[in-house]
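In: sequence-free structure coming up:
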């Protein structure tokens, strides 16, 4: 028994030592170091700095531009908050017995998969004052009076950007709501949009058509229509532009199909032959592959230890990981930059790989939730049959985590592909 207890302690230490070091080194320590630096005048390059007390905090509160930025953040927050009801309504609809529901789920999730930089460029063209697609749409329905400089008018620019953010992330939120609805399996009761249809929206009317009038065929048609308008239209218009020459893009309507003499595949050929683009693609594959391997290994082992074992200091370890999940990644980037420089990882592929492994703890939450559903009797039976703790993990627990691992790999790969800041500032 003493031998088994000793092996248990060895397995716990071996499983937690590297994840804990990464957590402390790249999340917890940078958070504390950031707080220390807030009392100095460090310029980011010098070897030394001076203590300035509360001067930085006084400057911060007196900075009008900072408060303006905070107000802009509030716009994003309020817009996304108001959309929760709509996202939940879509989740209810997509979890019902809807014909071609899998296709609709794919369409809803599609914007989240697309690279964020590509989305930004696509919507820059969509809202462009020069032959922009959105202005063309307004003109086609005789609403020219609403046309304005969408990306340079201070009164509307933040709402336009919030709309783009909604377009990209709402599908991800719908998927999360769908998961919650499937877990609790409770019908969602909502207002009827009354009096009459005075407060009804497109989404509410679609839900009512399906559940009140039992006309799922018509509701499906409505869902397809709104998905085409919201999800597919920007993508299709971007494809039209990609098939046109520069002259055609400037002179023709963005909603017009390219004519026979305007179609060109030069843009696609450049993408396939540009050596720097291909190099970037290769580097991305390397970063994703290495990051996912270590995220899966460390995530599964750490979650297994946290859920199945009782040991001295468990509450402290759990608190560290909990704090790590609470600290937003961008908050510690400033302090993390010094650590990356100190390890001579700056401007190498090692920098983003280490950051993606150490700083993103999403996989730990997913694996812990999944392991909670595995019966403890599996562990007990394996140990009684003489299986070691390492064998228990590798031969029994880890294979059962395939669904969770697939989820982790998909979400983290998408996040890495879409991330612009870590490669920009650390490589």
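Out: The structure has been received and is ready for your questions. Model, not experiment: these values are computed from the prediction.
In: C-alpha from now on. contacts and neighbour counts both.
Out: Will do.
In: so what's residue 146 closest to, chain neighbours aside?
Out: The shortest distance from residue 146 to any non-neighbouring residue, by C-alpha to C-alpha, 6 or more residues apart in numbering, is to residue 138 (7.5 Å).
In: no, scratch that, I was asking about residue 278
Out: The nearest residue in space to residue 278 (C-alpha to C-alpha, 6+ apart) is residue 272, at 7.3 Å.
In: the one you found and residue 281 touch, don't they?
Out: No: if you go by C-alpha atoms under 8 Å, residue 272 and residue 281 don't touch, sitting 10.6 Å apart.
In: give me the nearest residue to residue 112, chain neighbours excluded.
Out: Nearest to residue 112 is residue 168, by C-alpha to C-alpha, 6+ apart, at 5.1 Å.
In: what's around that neighbour, how many residues?
Out: Residues near residue 168, counting by other C-alpha atoms under 10 Å, number 23.
In: repeat that for residue 351.
Out: 23.
In: and the next element down the chain from the helix or strand containing it?
Out: Element membership of residue 351 [criterion: DSSP states H and E] is helix 350-359. Heading C-terminal from helix 350-359, the first helix or strand you meet, by DSSP H and E, is helix 362-371.
In: identify all contacting residues around that next one.
Out: The contact list for helix 362-371, computed with C-alpha atoms under 8 Å, 6 or more residues apart in numbering, reads 295-296, 299-300, 302-304, 306-307, 325, 401, 404-405, 408.
In: in strands only, show me those.
Out: The members of the contacts of helix 362-371 all map outside strands under DSSP state E.
In: confidence score at the closest residue to residue 114 other than its chain neighbours?
Out: Sequence neighbours aside, residue 418 is the residue nearest to residue 114 in space, at 7.5 Å (criterion: C-alpha to C-alpha, 6+ apart). pLDDT, residue 418: 78.
In: for residue 109, see how far away residue 418 is.
Out: As for residue 418, its distance to residue 109 is 14 Å (criterion: C-alpha to C-alpha, to the nearest Å).
In: got it, and residue 72?
Out: 26 Å.
In: of those two, which one has the most company?
Out: residue 109 (19 against 15).
In: so that one makes contact with residue 172?
Out: Yes: taking contacts as C-alpha under 8 Å, residue 109 lies within contact range of residue 172: 5.9 Å.
In: what is the neighbour count of residue 380?
Out: 12.
In: next: residue 389.
Out: 19.
In: from residue 368, how far off is it?
Out: For residue 389 relative to residue 368 (C-alpha to C-alpha), the value is 18 Å.
In: report the contact partners of the residue nearest to residue 114.
Out: 114, 115, 116, 117.
In: just give me the neighbour total for the last one.
Out: The one in question is residue 117. Applying other C-alpha under 10 Å, I find that residue 117 has 12 neighbouring residues.
In: repeat for the third one
Out: Counted with other C-alpha under 10 Å, the burial measure for residue 116 works out to 19 neighbours.
In: nearest residue to it in space, please, no chain neighbours.
Out: residue 418 (5.2 Å).
In: strands of the stretch 51-200 of the chain, residue ranges please.
Out: Under the criterion DSSP state E, counting those that start in this stretch, the stretch 51-200 of the chain contains no strands.
In: point out where it drops to low pLDDT.
Out: 65-66, 96-98, 100-101, 175-200 (pLDDT under 70).
In: how does the chain divide up, domain by domain?
Out: Domains of the chain are assigned by automatic domain parsing as 1-40+274-427, 63-264.
In: reformat those domains as TSV; add distance to residue 46.
Out: Below are the domains of the chain laid out as TSV (distance: least, C-alpha to C-alpha, whole Å):
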stretch	distance to residue 46
domain 1-40+274-427	11
domain 63-264	25
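In: assumed residue 258 was part of a helix.
Out: No: Residue 258 sits outside any helix when classified using DSSP: H, G, I helix; E, B strand; the rest coil, being coil.
In: surely it meets residue 240?
Out: Yes: Residue 258 lies in contact with residue 240 (C-alpha under 8 Å); the separation is 6.7 Å.
In: quick one: which of these two has more around it?
Out: Taking other C-alpha under 10 Å, residue 258 and residue 240 do not tie; residue 258 has more neighbours (20 against 17).
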